[in-house]
Each structure stands twice: as C-alpha cells, then as structure tokens.
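J.: Sequence and predicted structure, then a few things I'm wondering about:
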Amino acid sequence: MSIEQEPRPTEAGNGPPTMADVGRVAGVSAMTVSRALKGNSYIARGTFERIMAAVDQLGYVLDQSAGTLSSRRSGFIAAIVPSIDNSNFADTARGITDALAQTSMQLLLGYTNYSVEREEELIESMLRRRPEGIILTGGEHTSRARSMLANAGIPVIETWDVPENPINAVVGFSNADAMEALVDTLVPQGYSRFGFIIGTEASDARGRQRHIGFDRALLRHGMSSHRVVSVESTPMRMAHGAEAIRQLLRNFPDTDIAICVGDLPAFGAMMECRRMGLSVPGDIAIAGFGDYEIASVSEPGITTVNVDSYGIGARAAGQMIAMLEKRSTAATIKTSYHVLLRGST
C-alpha cells in the first residue's frame, strides 16, 4: 500500500466561531443573534438578514448540544457517505465502525444520495451536535459546507479521493489514476476500440474522475475515447448498464470493450449482451470498477479495480483517532488499488 504523508495542522481551523463573533460581524449583541437563530419574530428583517449573512460568512453552526452535555466531549464521530445501499460505501462504513470499536466512540452515519446540497444540510445538522470529528466521502463540497468544516475546530477527513485543496486530512486514492491503470492493463490484451459507460457526471465526482482517467489513458495510447454513453442516473444500477450497452453498440458497433463506471452497470451490461445473443468476451468484453461481490461470483467474472473500500474506512477512523489523541497531525494517506483481470475480458 502506498502511503504519502504531508503534514498539516491537526485541526481544520482555529476553533468554531461563536455567537459573539456573529454579533460583531452583524453589529448586534450575542443575545440578538441567539433570538434570531431561535426564530424570534420580533427581530427586524434588516437585522435578521445581517445576522444570517454573518452566519454564512463565518460558517457558524448553532450548538444544539449546549446545556445538555456536562462536558465538551460528545463521544461520537460523524461520517457521510453517498449511499447506504452501495456495498463499497457500506464496506467503508463498516471499516470505520470496526476501528472505532477499539475506543469508546460511536458512529453517526448520514447519506447524501450523491447531492452536495444534501451533504451541506447533513454537515450543518451533525455539527450542531458537536461531533469529535467528521469523515466525508470525496473532496467536492459547497462553499458553505467547506466554510462550516474549516471553522468547526475538529478533525475533518476526506476519503475516496485525493482533493487538490483538502480541508484537513485525506485518506483515499485518485479515481482517475485507478481508471488509467485499468485501461493500461487492458490495452496489451489486444483491445483498441474502447467504450465508456457512465451516469450523470454532474452529481458523481468519482465517476467524472474515472472518465478523465479513461480519456487520459487512451490519449497516451493514441486511441480514440469518443465511444461514450451517459445514462441520466446517479448511482448507476444494473438496469442502467443493460440500457447503456444497447445504446453503446447501436451508436458504436465497432466497440470491442466496454468499461463501466462501476461493477453493477457492468453486470447489467453483461447480462444484456447474453440476451442479445452476444458472447462475453468473444463478441465484446466488459469491465467494471470497485470489485463488488457480484463481480467475483458472476460467470464470467468481471474484470474490475479493487480499491479496498473497507480499508479506506478503517484507515480513516485510525487517522481520526490518532489526530484526536494528538499522536498525528493532518496528513494525506494514499490508499492502494489494483486491477483484477477476470473472464469478462
């Protein structure tokens, strides 16, 4: 496993902003801020708007745990994943839980359904409960979410990606590099007319990065990357893969291998090829990404990329514990991935 550590401050910021900070920016008292945030109808509209502008500017989050806890410790770590019915992210959550089991801390889990707006809402809701730290999936967030996290004064770990501008700590891998590795492994097998099947790129940052890696690899090999089918859905499921492979072969009948953004659409594509009377890999080869269980038990098995989903969660939780115990500063930990060649190619 490749590990690269780049020291950064232990905390994401210098401590969370207070009501007094909001009041200073808005030009009112902390009591007026408190009344405004609790929905007091006697606050003048202009005053309320100044307060809310200050809240957004500072990334302030109302502390709903105040007065209910006898200490500053809440005893839980928050984690946010795109989906709970995706086995990769379920494995990551399990890795976090298993690592936290060695401590007295508990896990509070939320899912975004691949929406950065929903992620922002979850971040605000979770920060109100004052978690010890927060683990996120990916490195793309709304500007307000980044502001809240940067000012939370707790460790923040972004996973499943290696963002260029991390908030704090990182445990993940480059999805673009991993896809490049898959293409680089398949080109020597004799494939030259690559197709790519993807969902809605606007809401799937990891899928978008894999597409970049696909294009980059084929450019290096002097091959065309124009054979692309996009299905308006995130996440992509088996049925979407079945729909997409028909469209791919209709639009680009010379395709000799279809790479899918994930293993579920790859399985759907492979089953649809059977229904169409096509042999896999004889008539067309299929590859996926993620090494879901279905990729190893299908017949033929699906060529894919294993990214150690469980290990990402376990290492993120381990890094979180080390940061909370002051044994480590924030770092970028690059996790491993490897290509698994199976019968579908």
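T.: Everything's here; your move. Residues are numbered from 1 along each chain as shown.

J.: Residue 332 against residue 173, yeah?
T.: No. Applying Cβ atoms under 8 Å, one finds residue 332 not in contact with residue 173, separated by 10.8 Å. C-beta: built from backbone N, CA, C; applies to glycine.

J.: check contacts around residue 94.
T.: If you count contacts by Cβ atoms under 8 Å, 6 or more residues apart in numbering, residue 94 has them with 310, 313.

J.: Confirm that it sits in a strand.
T.: No. Under DSSP: H, G, I helix; E, B strand; the rest coil, residue 94 falls outside any strand and is assigned helix.

J.: Buried residues, the helix or strand where residue 32 lies. List them.
T.: Using DSSP states H and E, residue 32 sits within helix 30-37. By 16 or more other Cβ atoms under 10 Å, the buried positions in helix 30-37 come out as 32-33, 35-37.

J.: can you redo the residues you listed as TSV with pLDDT?
T.: Output for the buried residues of helix 30-37, formatted as TSV (pLDDT from 0 to 100):
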residue	pLDDT
32	84
33	85
35	76
36	81
37	80
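
J.: is it true that residue 114 touches residue 202?
T.: No. Between residue 114 and residue 202 there is no contact under Cβ under 8 Å: 9.7 Å.

J.: So for the two, which sits in the more crowded spot?
T.: residue 114 (23 against 12; other Cβ atoms under 10 Å).

J.: residues touching that one, list them.
T.: If you count contacts by Cβ under 8 Å, 6+ apart, residue 114 has them with 82-83, 203-204, 234-235.

J.: change it to 6 Å
T.: Going by Cβ atoms under 6 Å, 6 or more residues apart in numbering, residue 114 touches 82, 203, 234.

J.: How is it assigned, secondary-structure-wise?
T.: Per three-state DSSP, residue 114 ends up coil.

J.: State the phi and psi torsions of it.
T.: phi 60, psi 30 (degrees, to the nearest 10).

J.: so how far is residue 212 from it?
T.: 18 Å (Cβ to Cβ, to the nearest Å).

J.: Going along the chain, name the strands of the stretch 51-200 of the chain.
T.: Along the stretch 51-200 of the chain, counting by DSSP state E, counting those that start in this stretch, strands occupy 76-81, 106-111, 133-137, 156-159, 169-172, 194-198.

J.: and the next element down the chain from the last one?
T.: Next along the chain after strand 194-198, taking DSSP H and E as the criterion, comes helix 205-220.

J.: How far away from the center of its chain is that next one?
T.: 17 Å (Cα atoms, centre = their mean, to the nearest Å).

J.: go on, stretch 253-264?
T.: That offset, for stretch 253-264, works out to 23 Å (Cα atoms, centre = their mean).

J.: confidence score at residue 95?
T.: We have a pLDDT of 97 for residue 95.

J.: who touches it in this structure?
T.: Counting by Cβ under 6 Å, 6+ apart, the residues that residue 95 touches are 310, 313-314.

J.: List buried residues within these.
T.: 310, 313-314.

J.: is it possible to export those residues to a markdown table including distance to residue 195 and pLDDT?
T.: As requested, the buried ones among the contacts of residue 95 are exported to a markdown table (distance: Cβ to Cβ, whole Å; pLDDT from 0 to 100):
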| residue | distance to residue 195 | pLDDT |
| --- | --- | --- |
| 310 | 30 | 97 |
| 313 | 32 | 98 |
| 314 | 35 | 97 |
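
J.: Quick one, grab the pLDDT at the closest residue to residue 110 other than its chain neighbours.
T.: Residue nearest to residue 110 in three dimensions, not counting chain neighbours: residue 122, with 4.3 Å by Cβ to Cβ, 6 or more residues apart in numbering. At residue 122, the pLDDT value in this model is 97.

J.: was I right about residue 122 contacting residue 79?
T.: No. Look at residue 122 against residue 79 with Cβ atoms under 6 Å: they stay out of range, at 10.1 Å.

J.: Compare those two (neighbour count), which wins?
T.: For residue 122 versus residue 79, neighbours defined as other Cβ under 10 Å are more numerous around residue 79 (29 against 21).

J.: Spit out the contact partners of the closest residue to that one other than its chain neighbours.
T.: Once flanking residues are discounted, residue 79 sits nearest to residue 135: 4.3 Å by Cβ to Cβ, 6+ apart. Contacts for residue 135 (Cβ under 6 Å, 6+ apart) come out as 79, 157, 316.

J.: so what does the helix or strand hosting residue 271 touch, helix or strand wise?
T.: According to DSSP H and E, residue 271 maps onto helix 263-275. If you count contacts as 3 or more Cβ pairs under 6 Å, 6 or more residues apart in numbering; DSSP states H and E, helix 263-275 packs onto helix 238-251, strand 285-287.

J.: Return the most buried member of the ones you listed.
T.: strand 285-287 (a mean of 30; mean count of other Cβ atoms under 10 Å).

J.: got the contact list for the helix or strand following that one?
T.: Where DSSP H and E defines the elements, the next helix or strand beyond strand 285-287 is helix 293-297. Counting contacts by Cβ under 6 Å, 6+ apart, the residues outside helix 293-297 that touch it are 263, 267, 288, 302, 304.

J.: Next one, pLDDT for the first one please.
T.: Going back to what we said before, that points to residue 263. Note for residue 263: predicted pLDDT of 97.

J.: pLDDT-wise, which helix or strand of the protein ranks last?
T.: Using mean pLDDT, DSSP states H and E, helix 30-37 stands out as the lowest-scoring helix or strand of the chain, at a mean of 82.
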